[in-house]
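Enquirer: model this:
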Amino acid sequence: MQINVNTDRTIDKHQGLDEHVQSVVESSIGRFADQVHRVEVHLSDENSQKGADGGSRCMMEAHVAGYAPVVVNEHADTLHQSVNSAGNKLKRALDSALGRLADKGKREPVPLGDADGDLAPEQDKNLTSGM
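Expert: The predicted structure is shown next:
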């Protein structure tokens, strides 16, 4: 699984930040490593010009083979908090999305009737009773 960390001009990107993001992503979604081929992490500080806290933003986008990307956003007081929370959100989102795919494969298709399109008597729901 490839992890790309992107920052805007308000974040000072350094090796420690990259390592923290990679460890959070790997610990959060490591069990999905065979299905997720790339994770894009975008970090920004939306209130950097104001000097206020609470503007640290982390967006994580997981690219799953054969499925639309799963994206989560998180705002927090510090960058580390937003990365940790986004990692937890991404884990829940992937668990839900990939769980639906797994359930879809386990279900039996609904029979549509015979070749003429008629429903078998046990499939008839009396939707047009009285006619």
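Enquirer: what sits opposite the residue nearest the centre of the chain in the beta ladder?
Expert: Nearest residue to the geometric centre of the chain (CA atoms, centre = their mean): V70, 3.2 Å. According to DSSP bridges, the residues that bridge with V70 are A62.
Enquirer: Tell me the spacing between it and E40.
Expert: V70 sits 11 Å away from E40, going by CB to CB, to the nearest Å. Bear in mind the C-beta positions are built from the backbone N, C-alpha and C, glycine included.
Enquirer: Touching both of those two, which residues are there?
Expert: For the pair V70 and E40, residues contacting each of them under the criterion CB atoms under 8 Å, 6 or more residues apart in numbering are E61.
Enquirer: which residues touch the residue nearest to the centre of the chain?
Expert: With contact taken as CB under 8 Å, 6+ apart, V70 is in contact with E61, A62, V64, L90, A93, L94, A97.
Enquirer: What residues sit buried inside the strand or helix carrying H42?
Expert: Assessed by DSSP states H and E, H42 sits inside strand 36-45. For strand 36-45, burial by neighbour count (16 or more other CB atoms under 10 Å) applies to V36, V39, E40, V41, H42, L43, S44, D45.
Enquirer: if I look at V83, how far off is D45?
Expert: From V83 over to D45 (counting by CB to CB), the distance is 13 Å.
Enquirer: Also G99?
Expert: If you measure G99 against D45 using CB to CB, the figure is 34 Å.
Enquirer: how about S82, secondary structure?
Expert: helix (DSSP: H, G, I helix; E, B strand; the rest coil).
Enquirer: Let me see the ranges of the strands in the chain.
Expert: Ranges of strands in the chain, per DSSP state E, are 2-7, 36-45, 56-64, 70-76.
Enquirer: Give me the contacts around stretch 71-89.
Expert: 11, 17, 20-21, 24-25, 27-29, 41, 43, 45-46, 53-62, 90, 93.
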